[in-house]
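**Q** I'll drop the sequence and a predicted model, then ask my questions.
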Amino acid sequence: AKEDESAYGGSMSGRSSMVSTLERDRALESLTTEGNATQDIGLLMKFQGALREEQRLRESMEKEKEALERRIEDLESEAKENNNNEVYKPIETFRLDELTAENERLRESLESLRESIAQSEEGTENSAVREIMDQYSSLMEELDRKKEECLNLKTLVANSQVENGGTISGEGELDPEELFQAYESQKNVIQQLQSSLNEEREKCKELESSMKAEVEKLTVANREAQQLLQTNMKRNPGSATEAIMQHELQRLTGENFDLREKIENLSDQLKRLKKQLKLYMKKLEDRGGSITDTEEQEHVEDSRSETGETDASLPVITRREHESMGMLEYDKAQEEKVLRALILDLKPKVASQMLPGLPAYFLFMMIRHLDYMNDEKNVRTLIQGGIACIKKTIKKHKGQTDIELKTLWLSNTLRVLHCLKQYSGEEQFQIHSSAKQIEHCLRNFDLTAYRRVLSDIAVWIYQGITKLMEDELHPLLVAALLEHEGIGGLSGDKPRALRGRTGSTGNELETEHLDPKVALDKLLSSLTRFNQILQKHGLDPEINSQIFRQIFYFVCANCLNNLLLRKDMCHWSRGMQIRYNIAQIEQWARDQKIEDTDTKVIDTLLPIIQATQLLQARKSEEDVSGICDMCDKLRVSQIIKILNVYTPADEFEERVSPAFVRKIRTKLQERAMEEAKNQAPLLMDAKFSFAVKFPFNPSKIHFDELDIPSLYTSLPNLVRKV
């Protein structure tokens, strides 16, 4: 009765599903006929085919369920037949009983003959002996024949016991041990049959539950599709098509993740089976066995016959490598873990061993995948989350004082900015892009608004880097550039009138600052270390030049301000020493190729260079015009200040006359009026910052060629290359 009900229920569910399918087909056909002018008919037909495929899948599962039920019935019937066979005795048992009785009867006749021979007279002895011998020979032949029949019958009985698992009991009495063994064997057979039957039932129940879950899942998807169709019937054709496409993309994405989980499980199972196979082969070899070539060939032929490859002359099929699209896919629920592994957990020491800008490339590859999936919400959250993680990394206590960490994320922030420009689809940014890079451009979203945000973040990090460099160099500047004596033999040329004061000042500076003899070398080594850090993390050369332009301006401003405030420094010998020290920095910049045609890094040192030249220049009335032209980078107030505090090196050198100073002031009157109008101060502004520019620098790297390195310990488990 239950089977009839299940069959009836299955047929009713099949009819209802067919009716619902026909209704959906009519709805889709009506939707196609109504909006055939503007709707994507091909997409709707694909959707209709998908629904029909769902119905066929459901029918196939119903058929599998019926086949499993029939299998259970067959197993139960076989078990009943085995139990019935225990009651009936095979025919060989009766034949064995008959032969046993016949043997007893022959024995009795033999005894009677013997008694008759013993009682006969002597005269009849010869005839009796002959009769006995004849009977004896016939009995022996009969006995041999009976023995052979008994042997055959016992063999048949043993075979029947092994095959049917039953016991043969004759009418006579049997040995109790044989009965007990037969009972135990029959009991074991029944237990085995019962356990196999229970296993089959459990498998059927599990399969039935999984099928029910699959049917429920398909029913929910079917219901959602029906609701979607009903709601889209009322919309205009454009929005309906977009909604259907979005729903289809979400469904396919979910199925993709399910399939990925199945593939991972199967791959794990395959690895486990391979390990077991290797273990068994090793055990077989240890025991002296081996797998011969013939057995391997038979195994290959069997596997081919199972898969349908019966023709051995067919060529070997090789798997074609999947062409990468240059994207990274990740689980949206694990976005925070992905950003932590990509940004927060990355150390500068590890990043220096990888391709410069690799975190930026990976971030943009994830953005490209979300753009490909038309997932606007997650694109926004991913970019905002990445910016927040970069800020968090910089704001940490170590990030505020670590030049290398700031440089790492300045380089990656600029690389993301360049990628947003290069792959935006704008022609002005595709001049240097290859054909494949043009194919990788964003398709659905315009991320121009985020360029300004990333540019502001880059400016903030840039200013933090220059500030750290300035703080590190500031204690070295006076000792390295103003007090260091690189030219020997000029130390005795200081003004004698101020010798005592100068000596005391020098002692104070030596105790307050570093030793001037080693200060210049420390300054140059610090600049070299800064340049190595900037180049190690792949910072653009234009940005590198702008950083050192700012640093050189800071050096010039501090040195010139100290020179203007220290009268003991304003004489020609000290000017020559300072000019020599500044020349060391200029030569370092040329050796490191810091100079840039647009940035003009070395030109920021011109004020201090012209001040040293003014100290060394001849100061006669004929040189007024030359001095004014030479000091074009100095303010008028700074020129007058240096001339007023200038001290002759010895008694043979004339002092600067007031008339010479007045002529200089008159010559530079126009410049002085303009500076007074602009309220230019005497000292240079050491906190002044140049405007930062981030020129576009396209990349030649293709995304499909990038792989996640092993240095990223946790990232490969969170993302997948598409």
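**A** Looks like it came in fine. Note that the structure is predicted; figures quoted are calculated from it, not measured.
**Q** So which residues of the stretch 601-722 of the chain form helices?
**A** Assignment of helices within the stretch 601-722 of the chain using DSSP state H, counting those that start in this stretch yields the ranges 606-616, 624-630, 636-645, 658-667, 669-677.
**Q** Next up, the contacts around the nearest residue to P695 once chain neighbours are set aside.
**A** Spatial nearest neighbour of P695, chain neighbours left out: E542 (5.2 Å); criterion: C-beta to C-beta, 6 or more residues apart in numbering. For glycine as for every other residue, the C-beta is placed from the backbone atoms N, C-alpha and C. Counting by C-beta atoms under 8 Å, 6 or more residues apart in numbering, E542 touches D596, D598, T599, K693, P695, N697.
**Q** From T647, how far out is the closest residue to I627 other than its chain neighbours?
**A** Nearest residue to I627, sequence neighbours excluded (C-beta to C-beta, 6+ apart): A617, at 5.9 Å. Here A617 is placed at a distance of 15 Å from T647 (C-beta to C-beta, to the nearest Å).
**Q** ok, now C559?
**A** Relative to T647, C559 is positioned 19 Å away (criterion: C-beta to C-beta).
**Q** now do H247
**A** Noted for H247: a distance of 87 Å to T647, by C-beta to C-beta.
**Q** Please apply the same query to K203.
**A** In this view, K203 and T647 are 106 Å apart by C-beta to C-beta.
**Q** neighbour count winner among those two?
**A** Set K203 next to T647 and count neighbours by other C-beta atoms under 10 Å: T647 wins out with 21 against 13.
**Q** so that one sits right up against K567, yeah?
**A** Yes. Look at T647 against K567 with C-beta atoms under 8 Å: they come within range, at 6.7 Å.
**Q** And the strands in the stretch 301-450 of the chain, which stretches?
**A** Assigned by DSSP state E, counting those that start in this stretch, the strands in the stretch 301-450 of the chain fall at 328-330.
**Q** again but with the chain, I slipped
**A** Counting by DSSP state E, the chain has strands at residues 328-330, 719-721.
**Q** need those strands in JSON lines with distance to C631 and mean neighbour count, can you?
**A** Shown next, in JSON lines, are the strands of the chain (distance: least, C-beta to C-beta, whole Å; neighbours: other C-beta atoms under 10 Å):
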{"stretch": "strand 328-330", "distance to C631": "58", "mean neighbour count": "22"}
{"stretch": "strand 719-721", "distance to C631": "61", "mean neighbour count": "18"}
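**Q** Could you dump these into JSON lines and include mean pLDDT and distance to L279?
**A** Conversion of the strands of the chain to JSON lines gives the following (pLDDT from 0 to 100; distance: least, C-beta to C-beta, whole Å):
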{"stretch": "strand 328-330", "mean pLDDT": "93", "distance to L279": "36"}
{"stretch": "strand 719-721", "mean pLDDT": "90", "distance to L279": "31"}
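**Q** Out of these, flag the one nearest L442.
**A** strand 328-330 (14.7 Å; C-beta to C-beta).
**Q** Count the residues that sit near L481.
**A** As a burial measure, L481 scores 26 neighbours (other C-beta under 10 Å).
**Q** Any regions of the stretch 1-150 of the chain where pLDDT drops low?
**A** Within the stretch 1-150 of the chain, the ranges that satisfy pLDDT under 70 run 1-49, 78-97, 111, 113-134, 136, 150.
**Q** follow-up on the earlier one: just say which of the helices of the stretch 601-722 of the chain is most tucked in.
**A** Across the helices of the stretch 601-722 of the chain, the average number of neighbours (mean count of other C-beta atoms under 10 Å) peaks for helix 606-616, which reaches a mean of 21.
**Q** which residues sit against stretch 557-566?
**A** Residues outside stretch 557-566 that contact it (C-beta under 8 Å, 6+ apart) are 474, 477-478, 481-482, 505, 569-570, 578, 582, 607-608, 611, 638, 641-642, 645, 682-686, 688.
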